[in-house]
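Q: Here is a sequence together with a model predicted from it:
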Amino acid sequence: MNMMRPLAAKTILLCADAGDAAQIRAVPGWTDRFDEVAEGGAAALSGRYDVLVPYDQPHRPPLLGKGARVAFLCTELTAFEAALRNPPPGDLVFMPSALARLDVLVRTRRTLKAARDLPRGAVLAAADLAYEVGGHGAGADCAGRIIGRSALYDLPEGAPLDFGVVG
């Protein structure tokens, strides 16, 4: 048995044509790596398998045989958003992980930011606070606890406001 032989059930060399296949198989040590040679690209295998998974391209959806019912499961927000931009050839299922749930909440929560430049030592009033969605400041529900505190640093307009920058 060839020690270079993969452990897969069957190893197929898939090439556009016989010339490409011959060129690959002519490389020393590659003749015995394949059980079969197929020509014609991925379409040549579409009737043989229900799903052909791009093993080295996780961003590319699997190729599906006709009539295959497939759902694509995403647990992370970035993968889900990528799938929304490039819909896979099947149903899309989003089962958010704990981190994904947190990401969604952080992106949609209202946060505090400086409405104007605030010099160090300035006592913050309601007019000094502005709000944004998905920012890095304290949650908007903390506004009452921020008002009346002093800026610990010079804060430019738009700087996130939290308890690390006011005292």
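A: Perfect, thanks for sending it.
Q: Can you give me every residue that contacts A122?
A: D128, S150, A151 (Cβ atoms under 8 Å, 6 or more residues apart in numbering). C-beta coordinates here come from the backbone N, C-alpha and C atoms, glycine included.
Q: at 6 Å what do you get?
A: The contact partners of A122, by Cβ atoms under 6 Å, 6 or more residues apart in numbering, come to A151.
Q: what do you get for the one 3 residues further on?
A: Going by Cβ under 6 Å, 6+ apart, A125 touches no other residue.
Q: Quick check: phi and psi on it?
A: Note on A125: backbone dihedrals following degrees, to the nearest 10 are phi -120, psi 170.
Q: cool, K113 as well?
A: Backbone phi and psi, for K113 under degrees, to the nearest 10, turn out to be phi -150, psi 160.
Q: what sits against it?
A: K113 touches A130, E132, G135, G137, G158, P160, L161, counting by Cβ under 6 Å, 6+ apart.
Q: Could you give the bridge partners of the nearest residue in space to the fourth one that is not next to it in sequence?
A: Nearest in space to G137, with sequence neighbours left out and distances taken as Cβ to Cβ, 6 or more residues apart in numbering, is P160 at 3.6 Å. The partner list for P160 in beta bridges (DSSP bridges) reads K113.
Q: quick revisit: and the buried ones among the contacts of K113, selectable in ChimeraX?
A: In ChimeraX, a selection of the buried entries from the contacts of K113 looks like this (16 or more other Cβ atoms under 10 Å):
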select :130,135,137,160,161
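Q: Among the contacts of K113, find me the one that's closest to C74.
A: G135 (25.5 Å; Cβ to Cβ).
Q: Can you tell me the SS state at the closest one?
A: coil (DSSP: H, G, I helix; E, B strand; the rest coil).
Q: For the closest residue to it other than its chain neighbours, which three-state class applies?
A: Nearest residue to G135, sequence neighbours excluded (Cβ to Cβ, 6+ apart): T111, at 3.8 Å. In three-state terms, and counting by three-state DSSP, T111 is strand.
Q: Burial check on T111, number of neighbours?
A: 20 (other Cβ atoms under 10 Å).
Q: Same check on V166?
A: 24.
Q: Distance from the chain centre to the longest helix along the chain, please.
A: Assignment by DSSP state H gives helix 98-108 as the longest helix of the chain. Relative to its parent chain, helix 98-108 has a centroid offset of 14 Å by Cα atoms, centre = their mean, to the nearest Å.
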